[in-house]
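J.: sharing a model that was predicted from the sequence below.
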Amino acid sequence: MGNFWQNRLGWDDPRGRPFGDLALDVKNRFPYYLDDWRCAWKYGIRILAPSTYVFFTSILPAVSFGEQLAQNTEGELTAVHVVFAGALGGIIQVRNCFDGLADWKDIPGCPA
């Protein structure tokens, strides 16, 4: 498992370093960042509108559930807790699906 990145992607193994995966992603993706931003500004509203839509359709149910939870728990759990839990769940899913720690094709919710 230690040579997962090197064998499949030709990358060095980032394990054992804090934020090694993130540093590796930035290092390998850096040449394309400028072009990504240039394309985003070029396409303007065609990118901004769907991105904004997806953001609000994801966050609004969590906020409304969080407000209801705050009323039922007398303020012990709030919308901030619900949004944070959703973000943490997303990070865990991405880490498990795409990090090579598991065979991600067998995990429900991960792309095949």
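T.: Looks like it arrived, so ask away.

J.: can we go C-alpha only for contacts and neighbour counts from here?
T.: Noted.

J.: where does the prediction get shaky in this protein?
T.: Filtered on pLDDT under 70, the chain yields the residue ranges 1-19, 96-112.

J.: any idea which element the residue lying closest to Gly75 once chain neighbours are set aside lies in?
T.: In space, and not counting its chain neighbours, Gly75 is closest to Leu69: 7.9 Å by CA to CA, 6 or more residues apart in numbering. Assessed by DSSP states H and E, Leu69 sits inside helix 45-72.

J.: and the angle for the helix or strand following that helix with helix 45-72?
T.: Scanning forward in sequence from helix 45-72 by DSSP H and E, the next helix or strand is helix 79-98. With axes from the mean of the first three to the mean of the last three CA atoms, to 10 degrees applied, the angle from helix 79-98 to helix 45-72 works out at 120 degrees.

J.: what's helix 79-98 packed up against?
T.: The contact analysis (3 or more CA pairs under 8 Å, 6 or more residues apart in numbering; DSSP states H and E) places helix 79-98 against helix 45-72.

J.: the helix it packs on - contacts with which helices or strands?
T.: By 3+ CA pairs under 8 Å, 6+ apart, helix 45-72 packs against helix 79-98.

J.: so the residue nearest to Gly75 touches Leu77, yeah?
T.: Yes. If you go by CA atoms under 8 Å, Leu69 and Leu77 touch, sitting 6.3 Å apart.

J.: residues of stretch 70-88 that come out buried?
T.: 70, 77-79, 81-83 (16 or more other CA atoms under 10 Å).

J.: for the residues you listed, give me JSON lines that also has distance to Gln93.
T.: JSON lines is the format used below for the buried residues of stretch 70-88 (distance: CA to CA, whole Å):
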{"residue": "Ala70", "distance to Gln93": "26"}
{"residue": "Leu77", "distance to Gln93": "23"}
{"residue": "Thr78", "distance to Gln93": "23"}
{"residue": "Ala79", "distance to Gln93": "21"}
{"residue": "His81", "distance to Gln93": "18"}
{"residue": "Val82", "distance to Gln93": "16"}
{"residue": "Val83", "distance to Gln93": "15"}
